[in-house]
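**Student:** Could you look at this predicted model? Sequence included:
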Amino acid sequence: MTWTQILYGWGGLNEAIFHLINGATPPSLASMVKFLALAGSYWTAPTVMVGLWLLAKRTDDARRANAINNALLLFAVAFAVALATASLLKVTLAFPRPSVVFGDAIRLIGEADSQYSLPSGHATFSALVVSALWALTSKPLQGVLILYLSAVGWSRVAAGMHFPADVAAGWIVGAASFQIAKVVIIHRSLKASGTGLWCGIAVCIAILDQIAKSMVSDHMALWEMRPITSFFNLVHVLNPGAAFSFLASAGGWQRYFFLAIAVLACGWLVVILSRPRSTTETVGFALILGGAFSNALDRALRGPVVDYFDFHWNSWHWPAFNIADVAICIGAGMVAFLTINSGNQFNNQHSGAANANH
C-alpha cells in the first residue's frame, strides 16, 4: 500500500463516503448544491473583502474596527497564499475527479472536470472565510460558520465534483494559509524585526513565484491551457509586458524599460523597508518588493515574464497573471488602504478640532 492510498484513499473509506453522500443526494437539492458552490467560490472573495471594509467603517468601537481591518488584511494575504498553494498541489498531484474514476456511475450536478481534484478550491476558500470571521463573531454565529464550512464541503461531494479527501485537504490548505498570514503579519516577534526580515519575506515570495514558473515551464507546453474549474485555468504564456499583459504587444523595447524600472523600484523599496513604519504598511511594501523582484528576474533571465493563472467567465478572460502580480496588487492595496484611512482620520481630527474652537 502506497502513501497516496493511505493518505488519500483512507483504506477505501474515501470512496465509500463519496458514494454515500453523492448517491443519497436527490435531484430536488440541485439548486441548493449550486448555490453552495457559488457561496464557496473564489469569485466571492471581493464580496467578503468589501463586506469587512464596510463593517469596519460603520463600527464606532475603535478596537473592533481595528480587529475587522486586521481580519481583512489577513484574509487578503491568506487568499493569495491559498490560491498559489492549491494550484501547485493540483498540478503536482493531478489526482483525477470522481467522474473519471467512476464514469456514469455517479450523479453529476454541474459541468464535470476531469482532473486536478485535490485540494477542493471551494473547501479551501470556505476555510479562509471561516478563519477570517471566527474571532469577530459570537458563539452562535460561529456555529453558523461551521455549518457554512460543512455545507460547502458537502455540496462538492454531492455534486460529484470532489472526493471527501479533496474537501478535507482544502480545509487544511485554507486554514494553514490563514495561519501563515497571521504569523507573517501580526506575530509579535515580527513587529520588532528589522529590514532583513522583511527583505527575506520578499525573497520568499519571489522564490515561491519562481518555483511555480519553473513547474509550469517544465510540465506544460508553451501556450498550453489546463482547465482546473469552470472559471479557472492553469496556462503557460509568456508576457513581454507588465502586470496583466500591459504593453505586451510593444516592439521589444519594453523588456529593458520594465527591467530598469523594476531595478529602481526594488532599490527604492529596500530603502522604504529600512525606515520605521506600521506593520501593515511594511507588509504591503514587502509584498510589492517580492513581486517586483521575481518579475525582474524573469525579464533579466528569460526576457518575457511567465504567467500561469487564467480566470474567466464564460468566454471572457482576465489577462493571465502570476503569484508576483498577486503580491504586487495586494501590497499596493494594503498601502493604499492605509493611506486612505490615515487621511480620513486626519480629516476627522481636523473637523473635531475646528468644531471645538467654535
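**Tutor:** Ah, there it is.

**Student:** what ranges do the helices span in the stretch 251-358 of the chain?
**Tutor:** In the stretch 251-358 of the chain, the helices defined using DSSP state H, counting those that start in this stretch lie at 254-273, 279-301, 323-357.

**Student:** now the helices: where do they sit in the stretch 51-200 of the chain?
**Tutor:** With DSSP H, counting those that start in this stretch as the criterion, the stretch 51-200 of the chain has helices spanning 62-93, 98-102, 121-134, 139-158, 164-186, 188-191, 195-219.

**Student:** Can you lay out these as a markdown table showing mean pLDDT?
**Tutor:** Below are the helices of the stretch 51-200 of the chain laid out as a markdown table (pLDDT from 0 to 100):
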| stretch | mean pLDDT |
| --- | --- |
| helix 62-93 | 85 |
| helix 98-102 | 87 |
| helix 121-134 | 95 |
| helix 139-158 | 94 |
| helix 164-186 | 88 |
| helix 188-191 | 46 |
| helix 195-219 | 84 |
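
**Student:** Which of those helices sits closest to residue 9?
**Tutor:** helix 164-186 (7.7 Å; Cβ to Cβ). Glycine gets a C-beta too; all of them are placed from N, C-alpha and C.

**Student:** counting contacts, what elements does the closest one pack onto?
**Tutor:** helix 13-24, helix 62-93, helix 121-134, helix 139-158, helix 279-301 (3 or more Cβ pairs under 8 Å, 6 or more residues apart in numbering; DSSP states H and E).

**Student:** ranking these by burial, who's on top?
**Tutor:** Ranked by mean neighbour count, the helices and strands packed on helix 164-186 are led by helix 121-134 with a mean of 25 (mean count of other Cβ atoms under 10 Å).

**Student:** Give me the angle between that one and helix 164-186.
**Tutor:** Note on geometry: by axes from the mean of the first three to the mean of the last three Cα atoms, to 10 degrees, helix 121-134 and helix 164-186 are set 40 degrees apart in direction.

**Student:** Kindly present the helices of the stretch 51-200 of the chain as CSV, with separate columns for distance to residue 309.
**Tutor:** Output for the helices of the stretch 51-200 of the chain, formatted as CSV (distance: least, Cβ to Cβ, whole Å):
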stretch, distance to residue 309
helix 62-93, 7
helix 98-102, 24
helix 121-134, 12
helix 139-158, 21
helix 164-186, 16
helix 188-191, 28
helix 195-219, 9
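
**Student:** Those: which one's closest to residue 234?
**Tutor:** Per Cβ to Cβ, nearest to residue 234 of these: helix 62-93, 6.0 Å.

**Student:** elements contacting that closest one?
**Tutor:** Using 3+ Cβ pairs under 8 Å, 6+ apart: helix 62-93 touches helix 45-57, helix 121-134, helix 164-186, helix 195-219, strand 232-239, helix 279-301, strand 305-313, helix 323-357.

**Student:** What pLDDT is listed against the nearest residue to residue 311 once chain neighbours are set aside?
**Tutor:** Distances taken as Cβ to Cβ, 6 or more residues apart in numbering put residue 318 closest to residue 311, at 4.8 Å, once the chain neighbours are dropped. At residue 318, the model reports a pLDDT of 89.

**Student:** any idea how far residue 318 is from residue 91?
**Tutor:** 19 Å (Cβ to Cβ, to the nearest Å).

**Student:** Redo the helices and strands packed on helix 62-93 as JSON lines? Include distance to residue 32.
**Tutor:** Below are the helices and strands packed on helix 62-93 laid out as JSON lines (distance: least, Cβ to Cβ, whole Å):
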{"stretch": "helix 45-57", "distance to residue 32": "19"}
{"stretch": "helix 121-134", "distance to residue 32": "14"}
{"stretch": "helix 164-186", "distance to residue 32": "17"}
{"stretch": "helix 195-219", "distance to residue 32": "35"}
{"stretch": "strand 232-239", "distance to residue 32": "23"}
{"stretch": "helix 279-301", "distance to residue 32": "38"}
{"stretch": "strand 305-313", "distance to residue 32": "23"}
{"stretch": "helix 323-357", "distance to residue 32": "32"}
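
**Student:** I'd like the distance between the closest residue to residue 53 other than its chain neighbours and residue 106.
**Tutor:** Leaving aside its sequence neighbours, residue 53 sits nearest to residue 72 (Cβ to Cβ, 6+ apart; 6.1 Å). For residue 72, the distance to residue 106 equals 39 Å [Cβ to Cβ].
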